[in-house]
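J.: turn this into a model:
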Amino acid sequence: MAEKFGGKSTPAYRLSSQDASFIYADTNNGPLHLGSIAIFEGKVDFQALLAHVEERLHLVPRYRQRLVEVPFNLAHPIMEDDPDFSYDHHVFRHQLPGRITEGEAFEEILQTYEVPLNRKHPLWEMHSFENLVGNRTAILWKVHHCLVDGVSGVELLKVMYDFRAEPVDIPQPAEPWTPARPTSPVRRFGEALRDRISSVANAAINAAVELAEEPAVAIDRVRMASEAVRLIRELSSRSLVSTPWNAAPVTQERVLAWSKQPFSDFRAIRAAFGGSINDVVLTMLTEGAARYLKDRGYDVEGEEMCVGCPVNVRHKEEQTSLGNRVSMMFPVVPAEPMDVVERLKLIREETERIKAHGSAQAIEVLMSMASEMEPSLIAAGTSVTRAAIDAGGALMKWTGWRPRPGGLGLSPFGINFIATNVPGVQIPLYLNGHMCLDMVPLVPLGATLGFGVAILSYRQSLYFGMMAAPCVMPDVAQMKQFAEEAFADLKRRATKHTAHVVHPPEALKAAGR
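T.: Numbers count the residues shown, from 1 in each chain. All right, here's what the predicted structure looks like:
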């Protein structure tokens, strides 16, 4: 089928250290792909869907490339053209059983999402689920994290979907696509050896030049790296609240609860109490988690929780690039329920403190320095960890053990859960003339992180995809309920606050002036 796809062959490229880290950390029970479930009105014809993807694939040539590892892990893996590329490996049709609810349909979709991607082929899949209740079609995307982060994942959707209902004419390449010839193991070994020598030499030369020509910049980089090490040491040694979703390695099963809230409500809360939209999001999620823990009988008095928040660090010229360009920030907040406005105030102060210290930038500098670590050592270390995590998950599944308040569990390493907030598209997207009604983001889980939230803005709403491993959190719907109740409390307080604020023009008018 290769001759059907337009465009020249794509040069092979080596994964960056950050991209490769998601390959090294990948496990059977914690596959590191992310994605989305887009719900379209009407029935999307599958053959038309195939043609739609086919005419656009040349715009994202990486999606015709497979992962190829280097002998002895001398360097990070490369991506090169898949000589056996076929839509049969990537685009799939599913017929949902009749008379099932939306919740039951999502359970079936999740069974497809939780399966690891096949590394023999390019690391993405697209699944069409027809017969969704209400005459709708669900489109599931699965893309490995080594190819995209949240921001570049949205850029992919902008390419694959349309901004209007009318068909869009996509210019096609003049020549058919012919995959480049696969590289031999000997060649890959030689190129890896060359790249490693070149990388180490260039890093040493650049460091020397920077130290000689811009010593202040070099010293600042060392200072920021030291700050990042201090931050990581502090996080790893901090005593965090005991949670069921951090109590044991996860199994492969996943459950999902999703929520949709008007973007205007977040703006109103921000206008009333200050902070950023992300501060409001974190208030909603952490207060929901605190109420969940207290309701489940966990000791939360005086305890803290830490949320891992990915931060986009792309420069202006990198905004549409694929791959990963993220750092992290780690706000720490009370783990016991509290007044929601007070929580928002604490979170705003915490995130402002983190930004003032440049913590995300410090983590980025440390990651760039760590990129020169030997890939063979990274791969060897993570392979042992992966085996232990999968074994722990298998034991969990076999024994049926469930975490209980006060019971034996594994302490989380530095964070309790991930909350990744990605700016999306504020106007409707279309697929073959069918409008996308809702778009639910999906986040990967792994190790002892059994709960995570992906947040995506679409059509003037914020969508929350709350993903959990049922072995440690079978009742993620209850977590969603507590988070929604916390958000409703914030909205009521913001409305009440705004009603009591008298703006100067209104005051003058009331005085008859």
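J.: tell me which residues touch residue 334, please.
T.: By Cβ atoms under 8 Å, 6 or more residues apart in numbering, the contact list for residue 334 reads 290, 303, 304, 305, 343, 346. (C-beta placed from N, C-alpha, C; glycine too.)
J.: please spell out the PyMOL selection for the buried subset of those.
T.: Applying 16 or more other Cβ atoms under 10 Å to those, the buried members can be selected in PyMOL as follows:
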select buried, resi 290+303+305+343+346
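J.: tell me the one of the contacts of residue 334 nearest residue 494?
T.: residue 343 (13.6 Å; Cβ to Cβ).
J.: for residue 79, see how far away residue 267 is.
T.: 41 Å (Cβ to Cβ, to the nearest Å).
J.: one more: residue 300?
T.: Here the criterion is Cβ to Cβ. By it, residue 300 lies 45 Å from residue 79.
J.: how about the helices in the stretch 301-450 of the chain?
T.: Along the stretch 301-450 of the chain, counting by DSSP state H, counting those that start in this stretch, helices occupy 340-357, 359-370, 375-399.
J.: swap in the chain?
T.: In the chain, the helices defined using DSSP state H lie at 17-24, 46-56, 102-113, 150-160, 185-213, 215-237, 263-273, 277-295, 340-357, 359-370, 375-399, 476-500, 504-510.
J.: of the helices of the stretch 301-450 of the chain, which shows the lowest average pLDDT?
T.: Sorting these by mean pLDDT places helix 359-370 lowest, at a mean of 54.
J.: for the stretch 351-500 of the chain, give me the ranges with low pLDDT.
T.: Regions of the stretch 351-500 of the chain meeting the criterion pLDDT under 70 cover residues 358-401, 404, 406-413.
J.: contact partners for the residue lying closest to residue 133 once chain neighbours are set aside?
T.: For residue 133, ignoring the flanking residues on the chain, the nearest one in space by Cβ to Cβ, 6 or more residues apart in numbering is residue 102 at 5.4 Å. By Cβ under 8 Å, 6+ apart, the contact set of residue 102 is 132, 133, 134.
J.: then residue 405?
T.: Listed by Cβ under 8 Å, 6+ apart, the contact set of residue 405 reads 242, 296, 297, 298, 299.
J.: and for residue 139?
T.: Here residue 139 is in contact with 37, 38, 39, 40, 44, 126, 127, 128, 129, 431 (Cβ under 8 Å, 6+ apart).
J.: apply 6 Å and report the result again.
T.: 38, 128 (Cβ atoms under 6 Å, 6 or more residues apart in numbering).
J.: and stretch 283-291, C-alpha only, in CSV?
T.: Output of stretch 283-291 as CSV, limited to C-alpha atoms (Å, rounded to 0.1, in the frame of the first residue of the first chain):
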residue,chain,number,x,y,z
THR,A,283,-8.2,24.6,43.2
MET,A,284,-11.1,22.5,41.8
LEU,A,285,-9.0,19.3,41.5
THR,A,286,-7.1,19.5,44.8
GLU,A,287,-10.2,20.4,46.8
GLY,A,288,-12.0,17.5,45.1
ALA,A,289,-9.1,15.1,46.0
ALA,A,290,-9.1,16.3,49.6
ARG,A,291,-12.8,15.7,49.9
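J.: with adjacent residues omitted, what lies nearest to residue 312?
T.: Among residues not flanking residue 312 along the chain, residue 151 sits closest, at 5.2 Å (Cβ to Cβ, 6+ apart).
J.: need the pLDDT of the one you found.
T.: At residue 151, the predicted lDDT confidence score is 74.
J.: and for the one 3 residues further on?
T.: Confidence at residue 154, expressed as pLDDT, is 83.
J.: right, and it touches residue 424 too?
T.: Yes - under the criterion of Cβ atoms under 6 Å, residue 154 makes contact with residue 424 at 5.5 Å.
J.: and the gap between residue 272 and residue 337?
T.: Applying Cβ to Cβ, the value for residue 272 to residue 337 is 21 Å.
J.: residue 442 too?
T.: Separation of residue 442 from residue 337 (Cβ to Cβ) stands at 28 Å.
J.: more crowded one of these two?
T.: Applying other Cβ atoms under 10 Å to residue 442 and residue 337 shows that residue 442 carries more neighbours, namely 25 against 19.
J.: give me the low-pLDDT residue ranges for the stretch 1-150 of the chain?
T.: Short version for the stretch 1-150 of the chain, where the test is pLDDT under 70: 1-8, 150.
J.: all strands of it, in order?
T.: With strands called from DSSP state E, counting those that start in this stretch, the stretch 1-150 of the chain shows them at 13-14, 33-41, 65-68, 78-81, 91-95, 124-132, 136-144.
J.: same question, the stretch 401-513 of the chain
T.: 417-425, 430-431, 434-442, 451-458, 461-468.
J.: nearest to residue 74 among the ones you listed would be which one?
T.: Across those, residue 74 has its closest neighbour in strand 417-425 (31.6 Å, Cβ to Cβ).
J.: report the angle between that closest one and strand 461-468.
T.: Interaxial angle of strand 417-425 relative to strand 461-468 (axes from the mean of the first three to the mean of the last three Cα atoms, to 10 degrees): 150 degrees.
J.: partners of strand 417-425, with directions?
T.: Note on strand 417-425: by DSSP bridges, its sheet partners are strand 304-312 (parallel), strand 451-458 (parallel).
J.: quick one: contacts of it?
T.: 150, 154, 278, 281, 285, 307-310, 451-458.
J.: mind running it again at 7 Å?
T.: Strand 417-425 has contacts (Cβ atoms under 7 Å, 6 or more residues apart in numbering) with 150-151, 154, 158, 245, 278, 281-282, 285, 307-310, 439, 441, 443, 449, 451-458.
J.: try stretch 67-80
T.: Outside stretch 67-80, the residues that reach it (Cβ under 7 Å, 6+ apart) are 12-15, 17, 20, 23, 62, 65-66, 119, 123, 180, 182-183, 185, 188-189, 192-193, 195-196, 375-376, 379.
J.: just the buried members of these?
T.: For these, buried by 16+ other Cβ under 10 Å: 12, 14-15, 17, 20, 23, 62, 65-66, 123, 183, 188-189, 192, 195-196, 375, 379.
J.: burial count for residue 67?
T.: Counted with other Cβ under 10 Å, the neighbours of residue 67 add up to 21.
J.: quickly note the distance from it to residue 443.
T.: Residue 67 is 21 Å from residue 443, by Cβ to Cβ.
J.: tell me the contacts of residue 278?
T.: Contact partners of residue 278, counting by Cβ under 7 Å, 6+ apart, are residue 421.
J.: with adjacent residues omitted, what lies nearest to residue 300?
T.: Nearest one to residue 300, counting by Cβ to Cβ, 6+ apart, is residue 336 at 4.1 Å.
J.: tell me the pLDDT of the one you found.
T.: Per-residue confidence (pLDDT) for residue 336: 97.
J.: thought it was touching residue 292?
T.: No - contact status for residue 336 versus residue 292: not in contact, 11.7 Å apart, counting by Cβ atoms under 7 Å.
J.: contact partners for the closest residue to residue 120 other than its chain neighbours?
T.: Spatial nearest neighbour of residue 120, excluding adjacent residues (Cβ to Cβ, 6+ apart): residue 66 at 6.9 Å. Listed by Cβ under 7 Å, 6+ apart, the contact set of residue 66 reads 80, 82, 120, 121, 122.
J.: what is the burial count for the second one?
T.: Close neighbours of residue 82, defined as other Cβ under 10 Å, add up to 22.
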